[in-house]
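[1] sequence and predicted structure are below.
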Amino acid sequence: MVSRFLLLMALSVCVSGTLVVKVAHRSYQTEEDQDLTLEWTFTPKPNSSLKTLNIFCDMFNNQKDHVLFHLHEGVEVPQKEGDFVGRVQYDKEVLKEGRIRLHVSSLRTEDSGWYLCEVKTEYGNSLDRCYLNVTERTQTVSEPEPERPESESPGGIGLYVGLTAAAVIVAALILVLMVSILHRKHLIHIVQKCFSSSGYQITAKKLKVETNHR
């Protein structure tokens, strides 16, 4: 059985009428899960009605034909089955300008192949094709965040502040104790001096009054 794709390629050399179809790009390259817009242009006849317009867009790969889009006498023919059901939208507004714009969503690797669009009108027929290559999506590996030094971590900062505060408190207590001891010694010295001038003696351990016999 002759593939429809090969048949259309054979017929493309003998297009009739003044109608000419041209694809916007000969090839497309994209990744899976992406969306893509395919576009063809044709030469519409002035004052012609869309009711005379018939469009057949198919995809061919691995010797299989897949219906992409079908417009019959200006009306879209809904696709009830196939790999492209619900994934192809066409721009109706630009048809009057002689443009066929198909938006294909959620591309898969198996969507790779030849995309052919044929236009038939009362004043002729023509077709053109392009190739689409859909590759697997590139896996992006996120780099781990560098670990912060312990001194920069919240726990390390809190520990550092706590130790510093404790050291300050201990130093303050030692200073108070030293001042207290020095103040006590100075007070005892003054008392000893006073009592010595009065004829008494007092020691640092306890006050001891003795009679000074001269």
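    Arrived safely, thanks for sending. Residues are numbered from 1 along each chain as shown.

[2] every contact and neighbour count from this point should use C-alpha atoms.
    Fine.

[3] can you pull out the helices in this structure?
    With helices called from DSSP state H, the chain shows them at 4-11, 154-197.

[4] least reliable of those helices going by mean pLDDT?
    Sorting those by mean pLDDT places helix 4-11 lowest, at a mean of 50.

[5] can you pull out the low-pLDDT segments for this structure?
    1-17, 141-143, 146-158, 160, 179, 183-214 (pLDDT under 70).

[6] can I see the domain layout of it?
    Domain ranges of the chain: 4-135, 156-208, per automatic domain parsing.

[7] just the ones you listed: most buried one?
    domain 4-135 (a mean of 16; mean count of other C-alpha atoms under 10 Å).

[8] who does Gly124 bridge with?
    Partner residues in beta bridges with Gly124, using DSSP bridges, are Gly17, Thr121.

[9] repeat that for Tyr28.
    Taking DSSP bridges, one obtains Leu132 as the residues bridged to Tyr28.

[10] likewise the one 10 residues further on?
    Each beta-bridge partner of Leu38 is listed here: Leu102, as defined by DSSP bridges.

[11] isn't it right next to Ser105, touching?
    No: the criterion here is C-alpha atoms under 8 Å, and Leu38 misses it with Ser105 at 11.0 Å.

[12] who's in contact with Ile181?
    Residues near Ile181 by C-alpha atoms under 8 Å, 6 or more residues apart in numbering: none.
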